[in-house]
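**Q** here is a sequence together with a model predicted from it:
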Number of protein chains: 2
Amino acid sequence: MTDISKLGEFGLIDHLTKDIKPQNESTLYGIGDDCAVLHYPSSEVLVSTDMLMEGVHFDLTYIDLQHLGYKSAMVNISDIFAMNGTPKQITVSIALSKRFTVEDLEMFYSGVRAACEKWNVDIVGGDTTSSYTGLAISITCIGEAKKEDIVYRNGAKDTDLICVSGDLGAAYMGLQLLEREKVVYYQQVDEARKNNNQRMLDELRNFQPDFAGKEYLLQRQLQTEARGDIVKQLKEENIHPTAMIDISDGLSSELIHICKQSNCGCRVYEKNIPIDYQTAIMAEELTINVTTCALNGGEDYELLFTVPIGDHEKISNMQNVKIIGHITKPELGMQLVTRDNNEFELKAQGWNPIKD
Amino acid sequence: MTDISKLGEFGLIDHLTKDIKPQNESTLYGIGDDCAVLHYPSSEVLVSTDMLMEGVHFDLTYIDLQHLGYKSAMVNISDIFAMNGTPKQITVSIALSKRFTVEDLEMFYSGVRAACEKWNVDIVGGDTTSSYTGLAISITCIGEAKKEDIVYRNGAKDTDLICVSGDLGAAYMGLQLLEREKVVYYQQVDEARKNNNQRMLDELRNFQPDFAGKEYLLQRQLQTEARGDIVKQLKEENIHPTAMIDISDGLSSELIHICKQSNCGCRVYEKNIPIDYQTAIMAEELTINVTTCALNGGEDYELLFTVPIGDHEKISNMQNVKIIGHITKPELGMQLVTRDNNEFELKAQGWNPIKD
């Protein structure tokens, strides 16, 4: 393993970025100067940024650095898709303490690069520095869209259909699964220590968490994917959403953003919310209401969007998209209609990095 | 004082950004959606990003949050000027622990806003999140320049003049001054504790550090300014630098970047390096070689640039710019010519956030 201080800041940056070659026409100059230089003469420039802090947004006992790099890039790429745009460039800043090696950083970068290669995004800059404490990551993604194609959060109208891609709640259940296995592991370690059982302690070094039949949940938690395929399909079907957002903090929270910014209400039908079989099983095992997971579990990075009611047939033809309700007048509020036909007001109980 | 968790993430962002109104034509949409939307049909887009970590890049016992906000924004704005561009937008990400209040964040933002107002920069997005440990800041600045106006690091040519704005080493001396006064304070506290001297401990609550006659050094350390005025002067004088960089890590380090990327050597004359009177006095007090400060002390954020020798007269007419040497053929190396006519090879001993 190679100590990071051996290379120094510029040596490290050279090492990590030496074979990065910009692919996009809009990238005039990438890494290596005070700024990257980009060229967007005939479309608008979209910019999104996210910060990920160790212990708050990720736990390195669950996620390895390669998946973390992939996820950090994907969540920003997802924001560009949520505007109906195309991601083009990314800057990657990372601050890390001495416990990390050059090889660790290589893993992180290989994850970032895999995500970027998937969507033809150029890495054009960033910052690599040290931290006295945890790992901190900040990524900025830049993309493009024609002015008339951009979809904001504020365009939903009464009677519009509310649509969601993929399925919801699985990433949150994946996190619960990881946490459960961590607890099981530490319980066994504690017991072995209490009983001074060295043989058991030795065996626990090869502890295998039990993920059988729950691989999809893990994948959804650890290998985040941005739904560029949905944006592409919408273009192909000639559907222009009236509002769109990506689901990072849970369906409820994002739907409330759309309704507030569009000045409208909504009715969402519990029975229509797409939930994977593994999510439902896991929720039952943990005696959590699966709809609560889907409404408030974060990190799905699916797209939530509204379309005019006239697009009903086109939407029905789309793969991986479900209509979950419709937009109403603002005075009707934001309602969840349950399977037994009760109505509840939607509340944003999703993940909040700032709450107590 | 208001606890941050009271407002929650979105409440906090609303609170901090509610009266931010984009001023620039290139800002189509700022804060409030998945992305900012920018419009650059007739110039190139410049992007620069920096990460600042508590304990590594700043120490909150020296700098208050308002100055820290100002400095965080300015160092990014400085990168846009270093490309001969005009800064236009900024995104501000901050991760902070529970010891900070809403009022603290307001102070930080007021500093960021003061820096942005000075150079007509719009705050268009960012991220506000929590940290289990120290404060982390990540800023991305976006600017514009005509393609033909952009100045890279790699255009310096044999015989070009090497120029620097302002004076060097003062920001580093300001940091030494702050550290000296901190040591004095803790020595007195230790002594009072050892002697159980409660009266002295009470008096030390009103400890006044001794900064008399060194105000300029403090200002250079705490109130960083980006040299947009120099960029403007260069345009007015019709000077197009062949290479340019801002001095963040020390003159040596930046000059080596220019020489390596331009494949050339340089001769810099010690006697020509601009040093303020206060910097010289402080260096003497601390028995540090003042040229070493100017070469290796970071955070000056002055501009270092090269111009064709034919611009000699124009440069001589400029306020606040000094010619410190000239570019040579690469085989002549990168040399410092001392006052007593000795020659030393320039080495990058400037600030390195990654070294041991």
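**A** Looks like it arrived, so ask away.

**Q** now find how far off-centre the helix or strand of chain A with the lowest mean pLDDT is within its chain.
**A** Every helix and strand of chain A was ranked by mean pLDDT, DSSP states H and E. The lowest is helix A:4-17, at a mean of 78. Relative to the chain's own centre, helix A:4-17 is displaced by 29 Å; criterion: CA atoms, centre = their mean, to the nearest Å.

**Q** can you check stretch A:321-334 too?
**A** On CA atoms, centre = their mean, the centre of stretch A:321-334 falls 24 Å from that of its chain.

**Q** same deal with stretch A:247-257?
**A** The answer for stretch A:247-257 is 12 Å, by CA atoms, centre = their mean.

**Q** what does that stretch contact?
**A** Stretch A:247-257 is touched from outside by A:75, A:78, A:153, A:162, A:164, A:168, A:245-246, A:266, A:268, A:273, A:294-304, A:334, A:346-352, with contacts defined as CB atoms under 8 Å, 6 or more residues apart in numbering or on different chains. Heads up, the C-betas are built off the backbone N, CA and C, glycines and all.

**Q** stretch A:316-335 too?
**A** A:156-166, A:229-230, A:233-234, A:237, A:239, A:255-256, A:259, A:262-269, A:272-274, A:306, A:309, A:312, A:315, A:337, A:343-346.

**Q** what's the span of that stretch, first residue to last?
**A** 23 Å (CA to CA, to the nearest Å).

**Q** for it, what is the average pLDDT?
**A** For stretch A:316-335, mean pLDDT is 95.

**Q** what does stretch A:345-353 give?
**A** For stretch A:345-353, mean pLDDT rounds to 72.

**Q** and the contacts of stretch A:316-335, which are buried?
**A** Buried members of the contacts of stretch A:316-335, counted by 16 or more other CB atoms under 10 Å in any protein chain shown: A:156, A:160-166, A:230, A:233-234, A:237, A:239, A:255-256, A:259, A:262, A:264-269, A:273-274, A:306, A:315, A:337, A:346.

**Q** mind listing what A:A156 touches?
**A** By CB under 8 Å, 6+ apart, the contact set of A:A156 is A:T242, A:A243, A:I258, A:C259, A:S262, A:C264, A:T306, A:I327.

**Q** mind telling me what element the last one is part of?
**A** If I follow you right, that is A:I327. strand A:321-328 (DSSP states H and E).

**Q** that strand pairs with which strands, and in what direction?
**A** When sheet partners are counted by DSSP bridges, strand A:321-328 sits next to strand A:161-165 (antiparallel), strand A:265-269 (antiparallel).

**Q** turn these into JSON lines, including mean pLDDT.
**A** Putting the strands paired with strand A:321-328 into JSON lines (pLDDT from 0 to 100) gives the following:
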{"stretch": "strand A:161-165", "mean pLDDT": "98"}
{"stretch": "strand A:265-269", "mean pLDDT": "97"}
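
**Q** thinking again about what came up before, quick check: the two most widely separated of the contacts of A:A156?
**A** A:T242 and A:C259 (12.3 Å; CB to CB).

**Q** which residues of chain A fall in strands?
**A** For chain A, the strands defined by DSSP state E occupy A:27-29, A:36-38, A:44-53, A:86-96, A:122-130, A:136-145, A:161-165, A:243-246, A:265-269, A:303-307, A:321-328, A:334-337, A:343-345.

**Q** follow-up on the earlier one: buried set for the strand holding A:I327?
**A** A:V321, A:K322, A:I323, A:I324, A:G325, A:H326, A:I327, A:T328.

**Q** quick one, that strand and strand A:303-307 angle?
**A** Here the directions of strand A:321-328 and strand A:303-307 differ by 60 degrees (axes from the mean of the first three to the mean of the last three CA atoms, to 10 degrees).

**Q** check which residues of stretch A:32-41 are buried.
**A** Neighbour counts over stretch A:32-41 (16+ other CB under 10 Å) mark A:G32, A:D33, A:D34, A:C35, A:A36, A:V37, A:L38, A:H39, A:Y40 as buried.

**Q** ok, stretch A:110-129 next?
**A** Within stretch A:110-129, the residues that count as buried by 16+ other CB under 10 Å are A:111-116, A:119, A:121-129.

**Q** ok, now which ones touch A:G143?
**A** A:V45, A:L46, A:S48, A:I80, A:M83, A:G85, A:T86, A:P87, A:K88, A:Q89, B:C35.

**Q** which pair in these spans the largest distance?
**A** Pairwise distances across the contacts of A:G143 (CB to CB) peak at 15.0 Å, for the pair A:M83 and A:Q89.

**Q** re the thing from before, please list only the buried members of the contacts of stretch A:247-257.
**A** Here, 16+ other CB under 10 Å leaves A:75, A:78, A:153, A:162, A:164, A:168, A:245-246, A:266, A:268, A:273, A:294-304, A:334, A:346, A:348, A:350-352 buried among the contacts of stretch A:247-257.

**Q** quick revisit: farthest-separated two in the buried residues of strand A:321-328?
**A** So, the buried residues of strand A:321-328 by CB to CB: farthest apart are A:V321 and A:T328, at 20.7 Å.

**Q** returning to what we had before: now, the contacts of stretch A:247-257 that are in helices?
**A** Under the assignment DSSP state H, the contacts of stretch A:247-257 contribute A:V75, A:S78, A:A294, A:L295, A:N296 to helices.

**Q** distance of A:L222 relative to chain B?
**A** Separation of A:L222 from chain B (CB to the nearest CB, to the nearest Å) stands at 20 Å.

**Q** and the pLDDT for that residue?
**A** Looking at A:L222, its pLDDT reads 93.

**Q** how far away is the nearest residue to it once chain neighbours are set aside from A:Q219?
**A** In space, and not counting its chain neighbours, A:L222 is closest to A:H67: 4.8 Å by CB to CB, 6 or more residues apart in numbering or on different chains. Distance, A:H67 to A:Q219, by CB to CB, to the nearest Å: 10 Å.

**Q** and for A:I123?
**A** The value you get for A:I123 to A:Q219, if CB to CB is used, is 24 Å.

**Q** quick check, nearest of the contacts of A:G143 to A:E179?
**A** Once CB to CB is applied, the member of the contacts of A:G143 that ends up nearest A:E179 is A:S48, at 28.8 Å.

**Q** who in the stretch 51-200 of chain A is up against chain B?
**A** A:51, A:53-57, A:79-80, A:82-83, A:85, A:89, A:91, A:93-95, A:124-134, A:136, A:138, A:140, A:142-143, A:147, A:150, A:152-154 (CB under 8 Å from any CB of the partner chain).

**Q** buried among these? Make that a PyMOL selection.
**A** Filtering these down to the buried ones (16+ other CB under 10 Å) takes a single PyMOL command:
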select buried, chain A and resi 51+53+54+56+57+79+80+82+83+85+89+91+93+94+95+124+125+126+127+128+129+130+131+133+134+136+138+140+142+143+150+152+153+154
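
**Q** may I see the contacts of A:G143 arranged in CSV, with distance to A:K71 and pLDDT as well?
**A** Putting the contacts of A:G143 into CSV (distance: CB to CB, whole Å; pLDDT from 0 to 100) gives the following:
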residue, distance to A:K71, pLDDT
A:V45, 24, 97
A:L46, 20, 97
A:S48, 15, 97
A:I80, 16, 97
A:M83, 20, 97
A:G85, 20, 97
A:T86, 20, 97
A:P87, 15, 97
A:K88, 20, 97
A:Q89, 19, 97
B:C35, 19, 95
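
**Q** hmm, back to that, what's the most distant pair in the buried residues of stretch A:32-41?
**A** Across those, no pair lies farther apart than A:G32 and A:Y40, at 20.4 Å, counting by CB to CB.

**Q** just to revisit the earlier point, and of the buried residues of stretch A:110-129, the nearest to B:N289?
**A** Using CB to CB, the buried residues of stretch A:110-129 come closest to B:N289 at A:T129, 27.5 Å.
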